[in-house]
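Student: Coordinates for the following, if possible.
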Amino acid sequence: MSSFKQHMPLAKYSLRVCLVFLSWVPVAWVVSERVASVGKIEGMSMKPTFNPPESPHTRNHVLLWKWGVTNIHNLQVDDVVFLRSPIDPEKVYTKRIKAKQGDLVVPRYPETRSKVLVPVNHVWVEGDNIHSIDSNTYGPISTGLIIGKAKYLIWPLDRFGPIPHGGRECREALLRNSYKEN
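Tutor: Reported below is the predicted structural model:
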């Protein structure tokens, strides 16, 4: 019986530690789903800015900010965003915003349409790689499809820092602003 009493404080302590740990699980889940998480950049659409050729076996990871990213006023031209594919919602793409609502855009394939006016609460996104499937293929995307905005490159450590500006060289997607936002 005395052995049982000696283990009782250890059992209470272990239970308390487990309960404290478990009480933080919902908080961690909410933060990762709604505020911020780590995003892994897959595929070739953002090369050479991300996953450059000099490190072919290393995928870039970014701090992905999720809070308020579906609000058009929290998005800027040149922001790199993670978004659900407008064609297949199971797929997540990484693209760069090239134009916002009210902007007039010249698509990469002008023979299919000469100019596109980006509708309200939509953005025009393109991959940094010229061969990317992006708004040139499927048109402007709703801000409701945006999952998060890449804020910092966090892996590999030798590239740690803010997201590089850039995009496609030799082409300016934006033709003009048709109106100013409030």
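
Student: which stretches of this structure aren't confidently modelled?
Tutor: Scanning the chain for pLDDT under 70 picks out 1-8, 53-57, 110-113, 167-182.

Student: most centrally placed residue in it?
Tutor: Closest to where the C-alpha atoms of the chain average out (Cα atoms, centre = their mean) is residue 82, at 2.7 Å.

Student: need the contact list for that residue.
Tutor: Shown in contact with residue 82 (Cβ atoms under 8 Å, 6 or more residues apart in numbering): 39, 64, 92, 93, 94, 146, 147, 148, 149, 150. Placement of C-beta: from N, CA and C, glycine included.

Student: tell me which of those is nearest to residue 28?
Tutor: Nearest to residue 28 out of these is residue 64 (Cβ to Cβ; 15.2 Å).

Student: ok, and the closest one, which helix or strand is that part of?
Tutor: Element membership for residue 64 (DSSP states H and E) is strand 61-65.

Student: picking up where we left off before, tell me how far the residue nearest to the centre of the chain lies from residue 41.
Tutor: For residue 82, the distance to residue 41 (Cβ to Cβ, to the nearest Å) stands at 9 Å.

Student: what's the overlap in contacts for these two?
Tutor: Overlap of the contact sets of residue 82 and residue 41 (by Cβ under 8 Å, 6+ apart) consists of 94, 150.

Student: Spell out, range by range, the strands that occur in this protein.
Tutor: In the chain, the segments counted as strands under DSSP state E are 36-40, 61-65, 80-84, 92-100, 103-105, 116-117, 122-126, 141-142, 146-155, 161-162, 174-177.

Student: Give me whichever of those strands is most buried.
Tutor: Comparing these by mean neighbour count (mean count of other Cβ atoms under 10 Å), strand 122-126 ranks first with a mean of 26.
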